[in-house]
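**Q** What follows is a protein structure lacking sequence information:
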C-alpha cells in the first residue's frame, strides 16, 4: 500500500509511468514502491514539486528530524551550505518541474559572485518553461545512448563508469552508515547523490563530524565536480543549465577554500 507522500507525487506527475519517466527509472520500480526511497526524494521533489517534507516526513520533518537536532543549533553558514548542496542535488537529479522553476524565479542575490549566480539562476528560471528544460536535461545528461555529459565521479577520474572510485565511495559511505537503497539503478557517484549526501551531513540530518565532511569532500567531490560544472558552463546543449554550471563551480570553489582554511 502506498503512503500519502508517494500518492501525492504520482498524482502530481500524472501517473506512475509519467513519474518514472521524469526521474529516469523503470515503471515497474515505481510500481513496487510503498513510499519514495530516501535516495529518490530530491529527484521526485524536483520532478513533481511535492515538498520533501510531504514525500518523506520521517526523513524531512518540518520542525525537527531524526537526530532531534533543532535548526537553531546549526550554524547559519552550515544551513546555507546545506541548502546550496540540496539545490544542486535537485537540479542535477532531474529536470526541474514548473513548481521548482517558480521557486527559483523568486531567488535573490547580493553583490558576491555566488549571489550574482543566484540572481542569474532566478532570471533563467523566469525565462524557461518546464518542457524546454526537460529536453535540455535529457540532451545533457541522458541522450540517445548517452548524454553530452556524464556526471559521475568514476567517469571524470578514470574515463569509465563503475570503476574503482565508485567502489571506494561505497566503502566510505558504508563507514558513515549510508547504504544504497534497494532497487536503486543510479550509481552512488552521481553528482546529485554526492550533493545530497553532503546536504545531509552539513545540515545535520546525517550524523557526521566536520572532519568526516571534509574527508568526503576532499576525496570524492573536490577532485572532479568543479570540472563537471565548468563543462556544464560550456556544454553545447546548455542554456538554463549553463547558469547552473556557474553556480555549482563557484560554490565548489568556496567549499574548497573553506575546507582548506578551516582549523
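**A** On my side now, so go ahead. Only a predicted model underlies this, so the values are computations on that prediction, with no experimental measurement involved.
**Q** got any ranges where the stretch 1-150 of the chain has weak pLDDT?
**A** Residue ranges of the stretch 1-150 of the chain with pLDDT under 70: 39, 59, 61-73.
**Q** for it, what spans make up the helices?
**A** 4-13, 16-22, 27-31, 41-48, 52-55, 76-93, 98-104, 113-127, 130-137 (DSSP state H, counting those that start in this stretch).
**Q** Show me this protein divided up by domain.
**A** Annotated domains of the chain cover 1-72, 74-261 [automatic domain parsing].
**Q** would you turn these into CSV with mean neighbour count?
**A** Quick note: C-beta positions are derived from backbone N, CA and C, even for glycine. Listed next are the domains of the chain as CSV, based on neighbours: other Cβ atoms under 10 Å:
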stretch, mean neighbour count
domain 1-72, 18
domain 74-261, 18
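**Q** Minimum distance to residue 188: which of the helices of the stretch 1-150 of the chain has it?
**A** Closest to residue 188 of the helices of the stretch 1-150 of the chain is helix 76-93 (Cβ to Cβ; 12.8 Å).
**Q** just to revisit the earlier point, out of the helices of the stretch 1-150 of the chain, nearest to residue 196?
**A** helix 76-93 (4.1 Å).
**Q** That closest one to helix 41-48, inter-axis angle?
**A** For helix 76-93 against helix 41-48, the angle by axes from the mean of the first three to the mean of the last three Cα atoms, to 10 degrees is 60 degrees.
**Q** quick one, what contacts the residue nearest the centre of the chain?
**A** Geometric centre of the chain, nearest residue: residue 89, 1.1 Å, by Cα atoms, centre = their mean. Shown in contact with residue 89 (Cβ atoms under 8 Å, 6 or more residues apart in numbering): 42, 192, 193, 195, 196, 199.
**Q** Nearest to residue 262 among those residues?
**A** residue 199 (18.4 Å).
**Q** who's in contact with whichever strand or helix holds that closest one?
**A** Residue 199 belongs to helix 191-203 when assigned by DSSP states H and E. Helix 191-203 has contacts (Cβ under 8 Å, 6+ apart) with 39, 42-43, 74, 78-79, 81-83, 85-86, 88-90, 92-93, 151-153, 169, 173, 176, 178, 186-188, 205-206, 208, 212-213, 216-217, 220-221, 225, 228.
**Q** after it comes which helix or strand?
**A** Using DSSP H and E, the helix or strand that follows helix 191-203 in sequence is helix 210-220.
**Q** got the angle between whichever helix or strand comes after that next one and helix 191-203?
**A** Using DSSP H and E, the helix or strand that follows helix 210-220 towards the C-terminus is helix 225-234. Interaxial angle, helix 225-234 versus helix 191-203 (the same axes, to 10 degrees): 130 degrees.
**Q** now for helix 225-234, which elements pack on it?
**A** helix 153-158, helix 191-203, helix 240-261 (3 or more Cβ pairs under 8 Å, 6 or more residues apart in numbering; DSSP states H and E).
**Q** what separates it from the chain centre, distance-wise?
**A** Distance, stretch centre to chain centre, for helix 225-234: 15 Å (Cα atoms, centre = their mean, to the nearest Å).
**Q** try stretch 87-95
**A** With Cα atoms, centre = their mean, you get 4 Å for stretch 87-95.
**Q** pLDDT on the helix holding residue 199, on average?
**A** In this model, helix 191-203 carries a mean pLDDT of 93.
**Q** Between helix 210-220 and it, find me the angle.
**A** Using the same axes, to 10 degrees, helix 191-203 lies at 160 degrees relative to helix 210-220.
**Q** which other residues reach whichever helix or strand residue 168 is part of?
**A** Using DSSP H and E, residue 168 sits in helix 164-175. Residues outside helix 164-175 that contact it (Cβ under 8 Å, 6+ apart): 152-154, 157-158, 179-180, 187-189, 194, 197, 215-216, 219-220.
**Q** circling back to that earlier point, residue 13: which of the helices and strands packed on helix 225-234 is closest?
**A** Across the helices and strands packed on helix 225-234, closest to residue 13 is helix 191-203 (Cβ to Cβ), at 18.2 Å.
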